[in-house]
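Novice: let me see the structure of the following:
(chains A and B)
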2 protein chains.
Amino acid sequence: MKIAIYGYGNLGRGVESAAKQNHDVELIGVFTRRAPETVKTLTGIPVYKASDVLSYKDKIDVLVICGGSATDLPKMTPALAEHFNVVDSFDDHANIPIHFEKVDAAAKKSGHIALISAGWDPGMFSLNRLYASALLPNGKDYTFWGRGVSQGHSDAIRRVPGVVDARQYTVPIESALDAVRSGSCPELTTREKHLRECYVVAEEGADLNAIETAIKTMPNYFADYDVAVSFVSKEELDKNHAGLPHGGLVIRSGKTGLNNEHTHTIEYKLTLESNPEFTSSALIAFARAIDRMHKRGVDGCKTVFDVAPADLSSMSPEELLTRKPYVL
Amino acid sequence: MKIAIYGYGNLGRGVESAAKQNHDVELIGVFTRRAPETVKTLTGIPVYKASDVLSYKDKIDVLVICGGSATDLPKMTPALAEHFNVVDSFDDHANIPIHFEKVDAAAKKSGHIALISAGWDPGMFSLNRLYASALLPNGKDYTFWGRGVSQGHSDAIRRVPGVVDARQYTVPIESALDAVRSGSCPELTTREKHLRECYVVAEEGADLNAIETAIKTMPNYFADYDVAVSFVSKEELDKNHAGLPHGGLVIRSGKTGLNNEHTHTIEYKLTLESNPEFTSSALIAFARAIDRMHKRGVDGCKTVFDVAPADLSSMSPEELLTRKPYVL
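Specialist: Numbering: from 1, shown residues only, chains lettered A, B, ... in the order given. A predicted model of the protein is given here:
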């Protein structure tokens, strides 16, 4: 399968690295809106102008679109789905239905296939919410995020006057996890589920109390949470908080039995040292799947829910049945 | 969707209870090899003779076969797949390829669809091994079972002279779980992964030391494990060990990044108060999926790997995209 990367940031670099781990994947190049000569790839693969992408139509089985969900993907994915099979990691949950419709119309126009919203949430977490609800219809599910860096919340802190830099970790609260795992199906408030842990670099002489108050009372981002603010030096932030770890848990508990006498708990937990690299790995697996589906005549917009798991694997159907230790 | 149950033991009763939780499922009856008048169902649904099943061909969308993997399913599933869409929970991993071939040939002969090996292992654990290996190709996965009752090991203890009754729990060893979760990809021996906990009722006057030695040195079943034997009264066994809890974990850790510099861990954990009832719930969800697939013209033998997750859910495609809290 020949793929190309469209957009070369954290996610694009992740796809470049992940392609090396997948022996059935050939990465033919990177398309960028920057001047190609200013972009140096990690593995030396060629860099092309984004505006030239249509000249490579016949050389690419799946184009992996590595853009942001706020402004890039709503335009890029429908535009490119008219000419390529594409996969993206659109993660703005509320706008998925609109994105889906636009991409579906574009892809069907030319008989291409597009898979949107690959990654972990949406993505693997979505799959686990779906599987768990199908298996335990009489139950309740919970999604926890973290411990991990929220880019949006880090940015919000950086906009507070007197702040030079910041990193915000979203942290699931252990007592909430325990309550959910017990099968008691608790009602949990926003504050009971997650803690927000902030590492903040302040300008010299800034009013630290004022910064802390500004953060803790910020509506939408922090006001509904317990928030821990620590002031650190720029050196400490760069040394200890440079990574982009993330992850979280999807837990569903539910009842079975004639009188609902038995409780079951299904827990899916991700611990990711690099949020973008894990998402990149998901993009490659779903690119493989849609390439296979397209070769069987499938077109239009798809989500992770529409992909038979066997299509994600580089293993053959025979190997999936017979490999030891057992996959099936 | 109209379903019927073929075989009425723990699993069949579980399907009967689970059907009540799925509003799109109508259970038309139970087929049994026993004399129907001797079988009383939990919910009062009708009981029919197994030998009459072919007369109900037009009334059943999917026949849910609830038999044992050792002797029932290898015969039942291929025989019934010639006349019905069927689902089973065949769980003898080593013989899945043979079972698959026989069922595939039978189902294709008449254009029916059959899904084998639904449940949790094989089943949900298989799906998680597949998804995790597709997402983290450079990694290693581990499956742990328990804490839960192993029927096979309990039976093996009952065959020891002087034993009246017994219950064996398979227990994952916490230090092994911790090592795996750390991402260090340890090599673990059989003994390091699971402990075997045995509750044994002995005949009056039996030689308890001899029984304990016989259990601990039993090849295949116990000799390769650390084994804890506790002698209990029949009353205690019936009171505290009557249930059939089970579950376990599938954990994969793997590396991403240009130089494999980032470690990720994916963990899927099941805690089940009733092993057969959870399997029954899986049988219903996969029955729903193959009913939909068959109506789209799909036939032959399938496994959980071949089912697009959306087909398992009673939710419509639109609801899967738009429901809040978000599924996708």
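
Novice: where's the most centrally placed residue in chain A relative to A:Lys302, distance?
Specialist: Nearest to the mean C-alpha position of chain A, counting by Cα atoms, centre = their mean, stands A:Gly119 at 3.7 Å. A:Gly119 sits 14 Å away from A:Lys302, going by Cβ to Cβ, to the nearest Å. (Each C-beta comes from the backbone N, C-alpha and C, glycine too.)

Novice: ok, back up a step: surely the residue nearest to the centre of chain A and A:Glu277 touch.
Specialist: No - assessed by Cβ atoms under 8 Å, A:Gly119 is found out of contact with A:Glu277, at 11.2 Å.

Novice: picking that back up, pLDDT value on the residue nearest to the centre of chain A, please?
Specialist: For A:Gly119, the model assigns a pLDDT of 97.

Novice: cool, and A:Tyr225?
Specialist: In this model, A:Tyr225 carries a pLDDT of 97.

Novice: for it, what are its contacts?
Specialist: Applying Cβ atoms under 8 Å, 6 or more residues apart in numbering or on different chains, we find A:Tyr225 in contact with A:190-191, A:194-196.

Novice: can we see that at 6 Å?
Specialist: A:Tyr225 makes contacts with A:191, A:196, as judged by Cβ atoms under 6 Å, 6 or more residues apart in numbering or on different chains.

Novice: quick check: residues of the stretch 51-200 of chain A near chain B?
Specialist: Counting by Cβ under 6 Å from any Cβ of the partner chain, the stretch 51-200 of chain A comes close to chain B at A:93, A:96-97, A:122, A:126-127, A:129-130, A:134-135, A:137-138.

Novice: let me have the residues you listed in a markdown table, extended by secondary structure.
Specialist: Output for these, formatted as a markdown table (DSSP: H, G, I helix; E, B strand; the rest coil):
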| residue | secondary structure |
| --- | --- |
| A:His93 | helix |
| A:Ile96 | helix |
| A:Pro97 | helix |
| A:Pro122 | coil |
| A:Ser126 | helix |
| A:Leu127 | helix |
| A:Arg129 | helix |
| A:Leu130 | helix |
| A:Ala134 | helix |
| A:Leu135 | helix |
| A:Pro137 | coil |
| A:Asn138 | coil |
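
Novice: which element is A:Val15 on?
Specialist: Using DSSP states H and E, A:Val15 falls within helix A:10-21.

Novice: what residue ranges in chain A score low on pLDDT?
Specialist: Of all residues in chain A, none has pLDDT under 70.

Novice: the biggest helix by length in it packs against which elements?
Specialist: Secondary structure of chain A read by DSSP state H shows that its longest helix is helix A:275-295. Packing partners of helix A:275-295 (3 or more Cβ pairs under 6 Å, 6 or more residues apart in numbering or on different chains; DSSP states H and E): helix A:10-21, strand A:62-65, strand A:86-87, strand A:113-115, helix B:124-135.

Novice: contacts only, for A:Met293.
Specialist: A:Ile113.

Novice: how close does it sit to A:Asp299?
Specialist: Distance, A:Met293 to A:Asp299, using Cβ to Cβ: 9 Å.

Novice: residues shared between the contacts of these two?
Specialist: With Cβ under 6 Å, 6+ apart as the test, A:Met293 and A:Asp299 both reach A:Ile113.

Novice: so A:Val227 is in which element?
Specialist: Using DSSP H and E, A:Val227 sits within strand A:226-231.

Novice: for chain B, what is the nearest residue in the stretch 1-150 of chain A?
Specialist: For the stretch 1-150 of chain A, the residue closest to chain B is A:Ala134, as judged by Cβ to the nearest Cβ, at 4.0 Å.

Novice: ok, that residue - how many residues close by?
Specialist: Residues near A:Ala134, counting by other Cβ atoms under 10 Å in any protein chain shown, number 23.

Novice: one more: A:Leu258?
Specialist: For A:Leu258, the count of nearby residues is 15 (other Cβ under 10 Å).

Novice: tell me who's in contact with it.
Specialist: B:17, B:42.

Novice: hang on, it in a helix?
Specialist: No - going by three-state DSSP, the assignment for A:Leu258 is coil, not a helix.

Novice: what packs against the helix holding A:Val15?
Specialist: Against helix A:10-21 (3+ Cβ pairs under 6 Å, 6+ apart) you get helix A:275-295.

Novice: again, 10 Å this time
Specialist: strand A:2-6, strand A:26-32, strand A:62-65, helix A:275-295, strand B:246-256 (3 or more Cβ pairs under 10 Å, 6 or more residues apart in numbering or on different chains; DSSP states H and E).

Novice: list the buried residues for that helix?
Specialist: Going by neighbour count (16 or more other Cβ atoms under 10 Å in any protein chain shown), the buried part of helix A:10-21 is A:11-21.

Novice: what's the angle from that helix to helix A:275-295?
Specialist: Interaxial angle, helix A:10-21 versus helix A:275-295 (axes from the mean of the first three to the mean of the last three Cα atoms, to 10 degrees): 60 degrees.

Novice: just how off-centre is helix A:10-21 within its chain?
Specialist: Averaging C-alpha positions (Cα atoms, centre = their mean, to the nearest Å) puts helix A:10-21 14 Å from its chain's average.

Novice: could I get the CA-only coordinates of that helix as PDB?
Specialist: Extracted in PDB, the C-alpha atoms of helix A:10-21 (Å, rounded to 0.1, in the frame of the first residue of the first chain):
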ATOM      1  CA  ASN A  10       3.600  16.300  15.100                       C
ATOM      2  CA  LEU A  11       1.100  14.000  13.500                       C
ATOM      3  CA  GLY A  12       2.800  13.900  10.100                       C
ATOM      4  CA  ARG A  13       6.100  13.100  11.700                       C
ATOM      5  CA  GLY A  14       4.300  10.400  13.700                       C
ATOM      6  CA  VAL A  15       2.900   8.800  10.500                       C
ATOM      7  CA  GLU A  16       6.400   9.000   9.000                       C
ATOM      8  CA  SER A  17       7.900   7.000  11.900                       C
ATOM      9  CA  ALA A  18       4.900   4.600  12.100                       C
ATOM     10  CA  ALA A  19       5.200   3.800   8.400                       C
ATOM     11  CA  LYS A  20       8.600   2.300   9.100                       C
ATOM     12  CA  GLN A  21       7.000  -0.200  11.500                       C
END
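
Novice: how far does stretch A:176-189 sit from its chain's centre?
Specialist: Per Cα atoms, centre = their mean, the centroid offset for stretch A:176-189 relative to its chain is 25 Å.

Novice: what of stretch A:16-36?
Specialist: 19 Å.

Novice: what's the local residue count around A:Tyr326?
Specialist: Number of residues near A:Tyr326 (other Cβ under 10 Å) recorded here: 17.

Novice: with A:Gly9 instead?
Specialist: Number of residues near A:Gly9 (other Cβ under 10 Å) recorded here: 13.

Novice: next one: A:Lys324
Specialist: Number of residues near A:Lys324 (other Cβ under 10 Å) recorded here: 7.

Novice: could you do A:Trp145 as well?
Specialist: By other Cβ under 10 Å, the residues close to A:Trp145 number 19.

Novice: can you list the residues of the stretch 51-200 of chain A next to chain B in TSV and add distance to A:Ile211?
Specialist: Shown next, in TSV, are those (distance: Cβ to Cβ, whole Å):
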residue	distance to A:Ile211
A:His93	31
A:Ile96	35
A:Pro97	39
A:Pro122	34
A:Ser126	37
A:Leu127	40
A:Arg129	37
A:Leu130	42
A:Ala134	47
A:Leu135	47
A:Pro137	48
A:Asn138	47
